[in-house]
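Asker: model the following, please.
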Amino acid sequence: MVFKLIVELSKSKINYIFQKTLRLFLIIFSFDVIASSTLNIDFKESAVSSFSILKDSFGNGRLTGNELGKIPKANIDLIISPNGEVIPRKQGLIETDNKFWNILFEPGKWYLKDKRISIVLPFALIEKGQNCTHQGLLIIENDNAGYQIASETCIYFQFNSQGQVDITIKSIDLPSSDEILAKHANYVANRMPTKSIVDLALINEQLKENIFSQDNFINSGDMTSFGVILDNQHYTGPCLTRGARFPDCDYTPLPAYSLTKSLVGGVALMRLERLYPGAKDIAVSDLIPECSHWEGITLYHLLNNTTGRYGKVRSHYDEENHIGAFFNLSTSRERLKHVCNRYKQKSKPGSKWVYHTTEFWLLGQAIQRFWEAKAGANREFYEDLIIPIWRELKLSPLIEKPHRLENIPLTGWGLMLRKDDIAKIGSDITSEKSILRKYLDEEMLNNAMQKNSSNRGSVAGAESLRYKNGFWAWNATDTLDCNKESWIPFMSGYGGIQVVLLPINVVYYYFSDSGVFRFAEVVKNLNQHQSIC
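Answerer: Sure, this is the predicted structure:
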């Protein structure tokens, strides 16, 4: 079995694998490699040769057999660069007709032998309407592609899959290929400089890798990616899989889950407030007719989960027990009716925090309607208000294609990222020379970043936690033995994802399936290197 061989050799250099096993499992077809060339690959039917479910909390695989282990049909163009890279013409989420999965393809590598090329291409399956992401590698021979899926960022559904895909490859003329290569080269040149996480111990012996991988709390098999941004240097951990090693960890696609609440919901409303002061205080009922009975509830209340409409105040009770009914609805019309009527008014708007992903989805709907009234019916708030900021930060193409329902971003979840995106956003938002500060409402952003001691936000499940403008905050005063209050803002995502935004322009992040949400030990060690208080 091809992928059994890959697993056995996964600790060897990828070049060695290719040199010794080209005949067995690589894409091989002939053409002269003189300058860049463009290929069109049509992925047709796939057949699973091995499929094993490792975890299935919701019974997703109970009635589907090995269908979930198949790759959806897709059609892509690949640009073969002279420098050894293979660049998908379109990067980011690709919606498919598959019942279960959307897909994305990341830049890969090609290798030359006897004037013929061999290509390895990272990809990811992304659950329809969700953020559950399964990372894999494609390896093709003639008109057949072999694939392996052996890692994921998904706490509730995990599997290994191997199989083959029937494909058709043809060489095509793409006039824009040089432009695409130049754009990609510019992106790579502008990535934050990276080093291995082990190099941090050379700066300070207390900053060892296991501090940041949190080995005492998170199983290595549950960790997708982790890193630290310190002194404008991105220190990164490995990207582990249960099978073949990824050719380049920089192209491991990461699901944002609820980081999206901060990066879409929070950024969008702060941008609107900067452009149109008072926008945050617009009544939801003025923009969403289905919520016409909502009194005194504004966009600001949606962003802060303080609408006063809930089932139980107990931390995350509503989210854990009721969100499934929302996800089971397939149209915006059904979801609007559900969200506007699911809960009764139980407290004054702005007075009580209760976590609801559905309110962020509703926020996206409201912002879209506000933006259409300002910019036109065919305009979208994410494309017009947020993507220009991401491009100024020189982020990846992945973040430009969020999950959408009926052409509106989901807002509460659904972004895809690369780790360089997290590094740049985190580093920028904690910087005194922040690009984000040029575009977002200053007061709202300062409050979210805990720069206003008189407005920490709502108590969010514990006295040591606050929630403000789509961002969390943790009281580190006692842990760090500070002489004055020290609140640390952070973003948090479902399943075990944390992005910690330290006020000293240092960022710590991890993406995992662990269900673990902690970083106090990491912050304590960073504080010994540089005072956070």
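
Asker: could you pull out the strands in the stretch 251-400 of the chain for me?
Answerer: Using DSSP state E, counting those that start in this stretch, the strands assigned to the stretch 251-400 of the chain run over residues 254-255.

Asker: what about the helices in it?
Answerer: Along the stretch 251-400 of the chain, the stretches classed as helices by DSSP state H, counting those that start in this stretch are 259-260, 267-275, 284-287, 299-303, 317-327, 332-341, 357-375, 381, 387-392.

Asker: now these as JSON lines including mean pLDDT?
Answerer: As requested, those are exported to JSON lines (pLDDT from 0 to 100):
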{"stretch": "helix 259-260", "mean pLDDT": "99"}
{"stretch": "helix 267-275", "mean pLDDT": "99"}
{"stretch": "helix 284-287", "mean pLDDT": "99"}
{"stretch": "helix 299-303", "mean pLDDT": "99"}
{"stretch": "helix 317-327", "mean pLDDT": "97"}
{"stretch": "helix 332-341", "mean pLDDT": "98"}
{"stretch": "helix 357-375", "mean pLDDT": "99"}
{"stretch": "helix 381", "mean pLDDT": "99"}
{"stretch": "helix 387-392", "mean pLDDT": "99"}
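
Asker: out of those helices, which one sits most buried?
Answerer: Comparing those by mean neighbour count (mean count of other C-beta atoms under 10 Å), helix 259-260 ranks first with a mean of 28. All C-beta atoms are positioned from the backbone trio N, CA, C, and that covers glycine.

Asker: helices and strands around that one, which ones?
Answerer: Packing partners of helix 259-260 (3 or more C-beta pairs under 8 Å, 6 or more residues apart in numbering; DSSP states H and E): strand 487-493.

Asker: please export the C-alpha coordinates of the helix or strand just after the strand it packs on as PDB.
Answerer: Downstream of strand 487-493, the first helix or strand assigned by DSSP states H and E is strand 497-502. C-alpha atoms of strand 497-502 as PDB (Å, rounded to 0.1, in the frame of the first residue of the first chain):
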ATOM      1  CA  ILE A 497      -8.000  27.000  20.000                       C
ATOM      2  CA  GLN A 498      -6.500  30.000  21.700                       C
ATOM      3  CA  VAL A 499      -4.800  33.200  20.400                       C
ATOM      4  CA  VAL A 500      -3.400  35.100  23.300                       C
ATOM      5  CA  LEU A 501      -2.700  38.800  22.700                       C
ATOM      6  CA  LEU A 502      -0.100  40.000  25.200                       C
END
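
Asker: elements contacting strand 497-502?
Answerer: Judged by 3+ C-beta pairs under 8 Å, 6+ apart, strand 497-502 is in contact with helix 419-429, strand 487-493, strand 506-512, helix 520-529.

Asker: mind putting those in JSON lines, mean pLDDT, distance to Phe381 and mean neighbour count included?
Answerer: Formatted as JSON lines, the helices and strands packed on strand 497-502 follow (pLDDT from 0 to 100; distance: least, C-beta to C-beta, whole Å; neighbours: other C-beta atoms under 10 Å):
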{"stretch": "helix 419-429", "mean pLDDT": "99", "distance to Phe381": "18", "mean neighbour count": "24"}
{"stretch": "strand 487-493", "mean pLDDT": "99", "distance to Phe381": "20", "mean neighbour count": "23"}
{"stretch": "strand 506-512", "mean pLDDT": "99", "distance to Phe381": "26", "mean neighbour count": "25"}
{"stretch": "helix 520-529", "mean pLDDT": "97", "distance to Phe381": "34", "mean neighbour count": "18"}
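
Asker: next, count neighbours for Ser196.
Answerer: Burial of Ser196 is recorded as 12 neighbouring residues (other C-beta atoms under 10 Å).

Asker: contacting residues for it?
Answerer: Tyr235, Thr236 (C-beta atoms under 8 Å, 6 or more residues apart in numbering).

Asker: and for Met491?
Answerer: Going by C-beta under 8 Å, 6+ apart, Met491 touches Ser258, Leu259, Ser262, Leu263, Phe471, Trp472, Gln498, Val499, Leu501.
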